[in-house]
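> Give me a 3D structure for the following:
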Amino acid sequence: MENDSVGSLDALSTMNEGHKQAIKRVRSPWWYYPILGIAFAGLELAFALSATLVRTLVIVGVIVVARLAERGYRRVKGTWVGGLRSGKATWLSIGFLLIAVGTIVAGSLLTNNVGQPWPAWIMAMAILFETLIYGFFFDLSIQRKLRPAQS
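All right, here's what the predicted structure looks like:
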């Protein structure tokens, strides 16, 4: 009987250690969300201040940067959790994308109506900070999902 309890405790301890390691692996590298934020800020500036060709090139650039950031994330952490395939955190990602698109549209409209570039720069900074905040809460949400229930 004692051997069964010791084996069970060892198994639980191993599972708990596995959860801790998984939580460490989904914590994003320090550079991941700042890079994405700068890419989104560039997208904001391109839409507010540029012509169609530049916008198209920047969209392609943002896609390339996002893919390279994902590959770097995978190389460093060994895994990557896609925002739109992350369980309950998917809703957080959808909300962020809606806010980001709203920020880009608002920045473009304000810049066009004011006739000055400063609204685009303010909205670019806003979208950078939105990305950093989103990243913090996304990582937190994924970590909570992996954390074992405390009894």
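> Tell me the buried residues in the helix or strand hosting I104?
Using DSSP states H and E, I104 sits in helix 89-114. Of the residues in helix 89-114, 89, 92-93, 96, 99-100, 103-104, 106-108, 110-111 count as buried by neighbour count, 16 or more other Cβ atoms under 10 Å. No exception for glycine: its C-beta is placed from N, CA and C like everyone else's.
> what do you get for stretch 114-129?
Quick answer for stretch 114-129 (16+ other Cβ under 10 Å): 119-124, 126-128.
> Including secondary structure, pLDDT and distance to D139, could these go into TSV?
Shown next, in TSV, are these (DSSP: H, G, I helix; E, B strand; the rest coil; pLDDT from 0 to 100; distance: Cβ to Cβ, whole Å):
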residue	secondary structure	pLDDT	distance to D139
P119	helix	95	31
A120	helix	96	29
W121	helix	97	28
I122	helix	97	27
M123	helix	97	25
A124	helix	97	23
A126	helix	97	21
I127	helix	97	19
L128	helix	98	17
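> okay, and for this structure, where does confidence drop off?
Low-confidence segments of the chain (pLDDT under 70): 1-25, 148-151.
> didn't S93 look like it was pressed against L84?
Yes. Contact criterion Cβ atoms under 8 Å: S93 and L84 qualify, at 5.6 Å.
> Compute the distance between Y73 and S28, please.
7 Å (Cβ to Cβ, to the nearest Å).
> Any idea how many residues pack against L43?
Other residues within reach of L43, judged by other Cβ atoms under 10 Å, total 23.
> so where does the closest residue in space to it that isn't next to it in sequence fall, helix or strand?
Spatially, and ignoring its direct neighbours in sequence, L43 is nearest to V62 (5.3 Å; Cβ to Cβ, 6 or more residues apart in numbering). Assigned by DSSP H and E, V62 falls within helix 52-77.
> got the buried residues for that helix?
Of the residues in helix 52-77, 55, 58, 62, 65, 69, 73, 77 count as buried by neighbour count, 16+ other Cβ under 10 Å.
> Now do it: distance to the chain's middle.
Distance of helix 52-77 from its chain centroid, counting by Cα atoms, centre = their mean, to the nearest Å, is 13 Å.
> Now do it: which elements does it pack against?
helix 32-49 (3 or more Cβ pairs under 8 Å, 6 or more residues apart in numbering; DSSP states H and E).
> Thank you, goodbye.
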